[in-house]
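>>> Model the following, please.
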Amino acid sequence: MILADATTDTLGFAGRLGADVGLNSAWVMVAAVLVMFMQAGFAMLEIGFVRGKNAGSVVAKILVNFALAALGFYAVGFALAFGGDGALLGTHGFFVAHAQDIPLAFPTNRHGVTAETLWFFEFVFCAVALAIVWGTTLERIKFGVYIVYAIVFSTVIYPVVAHWIFGGGWLATNIHVQDFAGSIVVDVCGAAGALAILLQLGPRRGKYGGDGRPHAIPGHNMPLFGLGVLILWLGWFGFNPGSTLTALDGRFPTIAMITQLAGSAGVVAAMVVMYAKTKTFDIGMAGNGAIAGLVAITGPAGYIDPWAAPIIGAVAGVIVVYGVLAIDQRIDDPVGALAAHGLAGMWGAIACGLFAAPRLAHHNLPGSRGGLLTTGSLHQLGSQLVGIAAVAAFTFSVSYAVFWLVGKTYGLRVSAQDENAGLDISEHGMYGYPEQFIPGAELVGYGAVPAGLRLGTGPMSDPEVTAGN
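Below you'll find the model as predicted:
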């Protein structure tokens, strides 16, 4: 029998649960709901960036992965991540039982949050990291691959990484890696998993010409992309300020301000760089500039003073432009996640080693130090590099092995014919935009749509496949 949190129930039923525990738990739950809403942001961003024939597949992907991550993290992942202070893994708290064995939660942490609050907050972080992986695979991956990897990711890969840094593992206690809200744990981890699948999955058909040069495959709805970016931006005010895990130390409003400054600087820097290169105000790069700035500030948010936030965000905005353009030459990443999350996440981790304030380092992670620019010491910068390397290497190697096994047994990508038709109809049996794709004679109840506007199949999608049929 799996026991609930009896101590919290007993005190709560008697009206004797501390006000600080109640207030902290309420704040962190609100923050967690904001982070959960980021799933809607990922959905809108990805739908906007794909072609119309694949729009509906994003919805199924988001829902199923979010659900599987919740179940996996509840049964196993949370315990491995936060159930004790072992160097490599936690050992208690499976099915979120025995709250007294969770060091970060009440009652072990007398002024903390309840175990259920901590579970929900950390679960939505896991779900965001998983979403980063899948954004890179759009328009050609088999749906079953999502299911297998979501289970492994939520029960093994992410929990191990989270324990090493968030849960008191070796990177936190021995190396003193600073990562306030997850530039490494969430973003570098997600990007490493994404790289592992992309190297095996291959590009979308038509992405690269015979000479190897990349062809643009424009998304079908930039307004939805913009909405997705803004929803993600809103979610970051749960991501970073909520990682205080308390409402009582006065830090979360400052962290919210730091988050906003970095995101804003990322937008401006990316727009300036892209205009200098193309003489256009690129919509996609503006959005990726925002994401990169927010990703980069995720790790340092609780460790820096506000003056450093625009610098960190602006550098991330520059990195994402050059990163997206460089990666696109060799790897097909439809949403630019390798640059916006991977490269910007690495920069955010490095930024701790440059800008961390000594007093905040001591407050958040005793034993860690201020950055090079605040202390003149390279010590913390070295710790950050170790953290990046360890998380990237572990996540990439395990993910690569999982995807290799799946590829050998089930297969990673759909057939050329299914890719040409679109994943909506080939994988899910329905269209996201039926009036555009279903033959006119079958469009009962819809207005007439000229055949030329029903895009996504036939010669306008992939002449090679169509000719082959």
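>>> For residue 177, which non-adjacent residue is spatially closest?
residue 387 (3.5 Å; C-beta to C-beta, 6 or more residues apart in numbering). For glycine as for every other residue, the C-beta is placed from the backbone atoms N, C-alpha and C.
>>> Could you double-check that that neighbour sits in contact with residue 176?
No: contact between residue 387 and residue 176 fails when scored by C-beta atoms under 8 Å: they sit 9.2 Å apart.
>>> These two - which one has more neighbours?
Between residue 387 and residue 176, counted using other C-beta atoms under 10 Å, residue 387 has the larger neighbour count: 30 against 19.
>>> Just the element for the more buried one, please.
According to DSSP states H and E, residue 387 maps onto helix 379-409.
>>> what comes up buried for that helix?
Under the neighbour-count criterion of 16 or more other C-beta atoms under 10 Å, helix 379-409 has 380-381, 383-385, 387-388, 390-392, 394-396, 398-400, 402-403, 406-407 buried.
>>> buried ones in stretch 293-311?
293-304, 308-311.
>>> repeat for stretch 30-38
31-32, 34-36, 38.
>>> Next: stretch 168-177.
Here stretch 168-177 shows 168-169, 171-173, 175-177 as buried, counting by 16+ other C-beta under 10 Å.
>>> how far does it sit from the chain's center?
Stretch 168-177 sits 22 Å away from the centroid of its parent chain (C-alpha atoms, centre = their mean, to the nearest Å).
>>> Begin at 147 from now on, thanks
That works, and once the first residue is 147, the last one we named lands at stretch 314-323.
>>> where does this structure have its least confident helix or strand?
Lowest on mean pLDDT, DSSP states H and E among the helices and strands of the chain sits helix 609-614, with a mean of 53.
>>> before we move on, the earlier item: tell me what the helix holding residue 533 is packed against?
On a contact count with 3 or more C-beta pairs under 8 Å, 6 or more residues apart in numbering; DSSP states H and E, helix 525-555 meets helix 289-298, helix 304-311, helix 316-319, helix 335-347, helix 490-501.
>>> which is the next helix or strand following it?
Assignment by DSSP H and E places the next element after helix 525-555 at helix 562-567.
>>> Let me know the next secondary structure element after that next one.
Counting by DSSP H and E, what follows helix 562-567 is helix 569-574.
>>> mean confidence score for that next one?
Average pLDDT, helix 569-574: 94.
>>> Residues touching that helix, excluding its own?
199-203, 206, 285-286, 288-289, 560, 563-565, 576-578, 583 (C-beta atoms under 8 Å, 6 or more residues apart in numbering).
>>> shaky segments in the stretch 147-296 of the chain?
Counting by pLDDT under 70, the ranges of the stretch 147-296 of the chain that qualify are 147-151.
>>> residue boundaries of the helices in it?
Secondary structure of the stretch 147-296 of the chain by DSSP state H, counting those that start in this stretch: the helices cover 152-159, 165-195, 201-218, 224-228, 261-281, 289-298.
>>> circling back to that earlier point, overlap in contacts of residue 533 and residue 322?
With C-beta under 8 Å, 6+ apart, residue 533 and residue 322 have no common neighbours.
>>> Near residue 421, how many other residues are there?
Around residue 421 there are 13 residues (other C-beta under 10 Å).
>>> Am I right that it falls within a strand?
No: under DSSP: H, G, I helix; E, B strand; the rest coil, residue 421 falls outside any strand and is assigned helix.
>>> what residues are up against residue 397?
Here residue 397 is in contact with 390, 448 (C-beta under 8 Å, 6+ apart).
>>> hmm, 10 Å instead?
Contacts for residue 397 (C-beta atoms under 10 Å, 6 or more residues apart in numbering) come out as 387, 389-390, 404, 447-448, 506, 509-510.
>>> what's the answer for residue 233, then?
With C-beta under 10 Å, 6+ apart, residue 233 has these contacts: 309-310, 314-320.
>>> could the residues you listed be laid out in TSV, adding distance to residue 368 and pLDDT?
Shown next, in TSV, are the contacts of residue 233 (distance: C-beta to C-beta, whole Å; pLDDT from 0 to 100):
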residue	distance to residue 368	pLDDT
309	39	98
310	38	98
314	43	95
315	41	97
316	44	98
317	39	98
318	41	98
319	46	97
320	46	97
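>>> is it possible to export these to JSON lines including distance to residue 191?
Below are the contacts of residue 233 laid out as JSON lines (distance: C-beta to C-beta, whole Å):
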{"residue": "309", "distance to residue 191": "29"}
{"residue": "310", "distance to residue 191": "29"}
{"residue": "314", "distance to residue 191": "34"}
{"residue": "315", "distance to residue 191": "32"}
{"residue": "316", "distance to residue 191": "35"}
{"residue": "317", "distance to residue 191": "30"}
{"residue": "318", "distance to residue 191": "31"}
{"residue": "319", "distance to residue 191": "36"}
{"residue": "320", "distance to residue 191": "37"}
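>>> Name the pair among the residues you listed with the greatest separation in space.
309 and 320 (13.1 Å; C-beta to C-beta).
>>> Can you report how many residues lie near residue 374?
For residue 374, the neighbour count with other C-beta under 10 Å is 25.
>>> Does it touch residue 183 like I think?
No: counting by C-beta atoms under 10 Å, residue 183 is not a contact partner of residue 374; they are 11.2 Å apart.
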